[in-house]
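> okay, sequence plus prediction incoming.
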Amino acid sequence: MIISFDQLQMVPLEENIDLSPFSSSNEDLNDFLKNDAIESQEDLISRTYICIWKDRPVGFFTLVTDTIEVKLIEQKDGIDDYAYQKYPAIKVARMAVDEEFAGSGVGRYSLLAAIGKVHHISQEVGCRYITVDSKKESIGFYLKNGFRLIKRYENRKFPPMYLNMHPILQRVGRK
């Protein structure tokens, strides 16, 4: 089943949201969402957003601050004469879709919502890159959505990837 984006809504995680129906294929992500995400927010470590379809949680993502080394960015994605060794970034620290909704568009909607949230934040504090430490089985999803794999670390358990938001925003600004 494909779900139209206009049927989905992204909301900040709050204690009153019933997460019990949510079940992704990854028990660690399920455990984080149901047992640790609220506390992590209260400790100002991360922010989690829930994708809702018909009052049911069907996906989520969690954002944290990050940096990415200048030397790991492909030259065409970098800034000439940047004076620092690291760029500011925001990481999609966790992201999952309920197993029942895999392939429905919820993952893409959630990723686009995360990119939109990072864009909004970058208007306040400046942030050019989105990072993710991808599960091996998710690399194709992120590549298809514009992320680049950091080749040096592609054999890690969770290979790091990044998205340069600057060219995206330039294209959007031209429309």
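Perfect, thanks for sending it.

> tell me the buried residues in stretch 3-18?
Buried residues in stretch 3-18, counted by 16 or more other Cβ atoms under 10 Å: I3, L8, M10, L13, I17. Glycine gets a C-beta too; all of them are placed from N, C-alpha and C.

> closest one of those residues to F101?
I3 (7.2 Å; Cβ to Cβ).

> in its sheet, which strands sit next to the lengthiest strand in the chain, and in what direction?
Secondary structure assigned by DSSP state E gives strand 56-69 as the longest strand of the chain. Strand 56-69 has these partner strands in its sheet, going by DSSP bridges: strand 47-53 (antiparallel), strand 86-97 (antiparallel).

> please enumerate the helices of this structure.
Listed in chain order, the helices of the chain (DSSP state H) span 27-31, 37-42, 106-125, 139-144, 165-174.

> mean pLDDT added to those helices, as TSV?
Converted to TSV, the helices of the chain look like this (pLDDT from 0 to 100):
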stretch	mean pLDDT
helix 27-31	97
helix 37-42	98
helix 106-125	94
helix 139-144	96
helix 165-174	74
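
> what's the closest of these to Y49?
With Cβ to Cβ as the criterion, Y49 lies closest to helix 106-125 of those, at 6.6 Å.

> residues contacting the residue nearest to V92 when sequence neighbours are not counted?
Sequence neighbours aside, V132 is the residue nearest to V92 in space, at 4.5 Å (criterion: Cβ to Cβ, 6 or more residues apart in numbering). For V132, the contact set (Cβ atoms under 8 Å, 6 or more residues apart in numbering) comprises K91, V92, M95, Y142, F147, P160, M161, Y162.

> equivalent analysis for I17, please.
Neighbour list for I17: V11, I50, P57 [criterion: Cβ under 8 Å, 6+ apart].
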